[in-house]
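> heads up, no residue letters with this:
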Ligand SMILES: Nc1ncnc2c1ncn2[C@@H]1O[C@H](COP(=O)(O)OP(=O)(O)O)[C@@H](O)[C@H]1O
Ligand SMILES: [Mg+2]
């Protein structure tokens, strides 16, 4: 559903993403791993339009995404969460979930009901009227995923969903991912927690300093000497 | 208390208060009150609330807000005096002028923070110079335009109507989807855009709405004083005062600009009466103290310090 072709992103003299290509098939999970600064977040920012790609093509179901604005890409069906959660701090949880669909034709009642149902699923319905800034970091990440779900995207980009999240919440988050996968969604998953990426992803991409150094399934990657060196070496 | 009931309760209280206020203010002319004080109270509440739509709900602080006020005053005066049309045609011209000018200036919203404020200020100065430079038979030149008739009572009622319309609009905005989009944008514009908000379009709506409120206010003031000139109509003090009143009350709240205007006008008046020599200095001091101790404004700080006040203040 998503084809990234020879993507390059340069900041000044720094090549953050160096000619990377990959595809995300329908209903799949692609894992993206690499040490800090290897370009994972930058790839996500290029896909969802926060950055303009310096070079390369990004196609989503036949639509070229390069040059499109973030809100257009969101409405095409690509959602994303952030490494550091970015909720609207002074909006309530329900309001946070409503923001993506404000320009929707559905009624307020219908949308509120949907938002509250999502909150109930992760046990946050009780505090739906609290401001988002009152939540823990892990809860914020969870609400971010729910906010993404309001537009019912087919591809979801998750940037470090488990980093700094309490294990109990990780479990809730993981269940949500699996449930959505069963419902036909696709994911690009960036994580430091290699165990969870290995177990979730059908296919993995290993980055180092903006370059792709390995690609394959978990078994291939785990035993690849280049990968071992990139993670443990030096 | 569920959020729906909370909103319903405080909105009802507020609307009830507005109805009583409208009644009281509407009766003033009949009882022979001197209208000057009241007219300008309504005018400042309107301008502070109109500016709040732009500044409080989008995060842009337009120090050149007076450009819209001035263009409205001139549009009305030119329509009435130069083209001999009735005053209501002047109001329509003022509204249109506000829309056109705000669309022309909309591009400045690509700038952020202080850069936006400075450019906004510069544009207001340019508007004044352009109008002053126009031939006398087009826009009155540097002498301005005398309307040749006046109707203070009519202008007072028009101002009252505009103030109520503005406050009702802001009240609606606070609970509408547009208002929620604006609050999200104010919290974090980049995130709002990545989750699916067309931030350019949402901001433009607030911008135009806010500009039209100022241009209508300018037109009504022109009717009230029956004279416009570039010095007064484009006086930067107009924007400055509107900003101070809105900020003092609490940007982004509905009631804040009303409270801020009333409090600051009273403070200003007291200072003038008791310390005529030091008035500007003391007013500046009050503003500094206010910002130091109540950085979110009177209403904004009250809501933050005592969350239960959200039941009545918003
Ligand atoms: N906006 C930016 N401006 C300049 N450099 C950037 C910017 N964003 C990311 N980088 C740089 O690009 C490289 C890749 O960063 P990033 O994609 O965040 O890595 P990762 O998510 O894999 O940790 C880093 O060296 C980072 O400093
Ligand atoms: Mg990152």
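That came in fine, so what should we check first? Here the structure is a predicted model, which means the values were calculated and not measured. Ligands and ions are numbered 1, 2, ... in the order given.

> So what touches stretch B:302-314?
Stretch B:302-314 is contacted by residues B:1, B:6-7, B:9-10, B:13-14, B:174, B:250, B:253-255, B:296, B:299 when judged by C-beta atoms under 8 Å, 6 or more residues apart in numbering or on different chains. Any C-beta I mention is one placed from the backbone N, CA and C, and that applies to glycine too.

> Give me the pLDDT for whichever residue of chain A sits closest to ligand 2.
Going by C-beta to the ion, ligand 2 is nearest to residue A:41 of chain A, at 3.1 Å. On the pLDDT scale, residue A:41 is placed at 95.

> What is the burial count for it?
Using other C-beta atoms under 10 Å in any protein chain shown, residue A:41 has 21 neighbouring residues.

> Which residue ranges of chain B form strands?
For chain B, the strands defined by DSSP state E cover B:145-146, B:227-228.

> So for the first one, mean pLDDT?
Right, strand B:145-146. The pLDDT scores in strand B:145-146 average 86.

> Which of the contacts of stretch B:302-314 fall within helices?
Mapping these onto helices (DSSP state H) picks out B:6, B:7, B:9, B:10, B:13, B:14, B:174, B:299.

> Please report the distance of the residue of chain A closest to ligand 2 from residue A:50.
To residue A:50, residue A:41 is 10 Å away according to C-beta to C-beta, to the nearest Å.

> ok, the residue in the stretch 51-200 of chain B that ligand 1 sits nearest to - how many residues close by?
For the stretch 51-200 of chain B and ligand 1, the shortest gap (C-beta to the nearest ligand atom) falls at residue B:190, measuring 11.8 Å. Other residues within reach of residue B:190, judged by other C-beta under 10 Å, total 12.

> how much space between it and chain A?
Distance of residue B:190 to chain A, given as C-beta to the nearest C-beta, to the nearest Å: 7 Å.

> give the contact list for that residue.
Counted by C-beta under 8 Å, 6+ apart, residue B:190 has contacts A:50, A:70, A:86.

> The second one contacts residue B:197, doesn't it?
No - distance between residue A:70 and residue B:197: 9.2 Å, which falls outside the contact criterion (C-beta atoms under 8 Å).

> Neighbour count: these two, which is higher?
More crowded of residue A:70 and residue B:197, by other C-beta under 10 Å: residue B:197, with 27 against 23.

> got the phi/psi numbers for that one?
phi -90, psi 130 (degrees, to the nearest 10).

> what's the helix or strand for residue A:157?
Using DSSP states H and E, residue A:157 falls within strand A:155-159.

> hang on, the earlier thing: got the strands of chain B as JSON lines, with distance to chain A and mean neighbour count columns?
JSON lines is the format used below for the strands of chain B (distance: least, C-beta to the nearest C-beta, whole Å; neighbours: other C-beta atoms under 10 Å in any protein chain shown):
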{"stretch": "strand B:145-146", "distance to chain A": "43", "mean neighbour count": "19"}
{"stretch": "strand B:227-228", "distance to chain A": "40", "mean neighbour count": "24"}
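
> Put together CSV for these, with distance to residue B:168 on each row.
Conversion of those to CSV gives the following (distance: least, C-beta to C-beta, whole Å):
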stretch, distance to residue B:168
strand B:145-146, 32
strand B:227-228, 28
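
> wait, which of those strands is closest to residue B:28?
Evaluated over the strands of chain B, closeness to residue B:28 peaks at strand B:227-228, with 23.4 Å, by C-beta to C-beta.

> tell me what the closest one is packed against?
With contacts taken as 3 or more C-beta pairs under 8 Å, 6 or more residues apart in numbering or on different chains; DSSP states H and E, strand B:227-228 sits against helix B:66-77, strand B:145-146.

> what's near enough to touch residue B:96?
residue B:75.

> which bits of chain A sit near ligand 1?
A:11, A:14, A:16, A:34, A:36, A:37, A:38, A:39, A:40, A:41, A:42 (C-beta under 6 Å from any ligand atom).

> ok, and the most crowded of the contacts of stretch B:302-314?
If you rank the contacts of stretch B:302-314 by neighbour count (other C-beta under 10 Å), residue B:250 sits at the top with 28 neighbours.

> ok, now how distant is that one from residue B:235?
Distance check for residue B:250 against residue B:235: by C-beta to C-beta, it reads 25 Å.

> So which residues of chain A form helices?
Listed in chain order, the helices of chain A (DSSP H) span residues A:40-47, A:70-76, A:93-98, A:108-121, A:137-149, A:167-182, A:194-200, A:218-222, A:225-232.

> shouldn't residue B:140 be in contact with residue B:227?
No - taking C-beta under 8 Å as the definition, residue B:140 is not a contact partner of residue B:227, at 9.6 Å.

> How about stretch B:244-257 and chain A, any contact?
No - judged by C-beta under 8 Å from any C-beta of the partner chain, stretch B:244-257 stays clear of chain A, getting no closer than 9.0 Å.

> Tell me the buried residues in the lowest-mean-pLDDT helix or strand in chain A?
Between all helices and strands in chain A, the lowest mean by mean pLDDT, DSSP states H and E belongs to helix A:225-232, at a mean of 80. When neighbours are counted by 16 or more other C-beta atoms under 10 Å in any protein chain shown, the buried residues of helix A:225-232 are found to be A:227, A:230.
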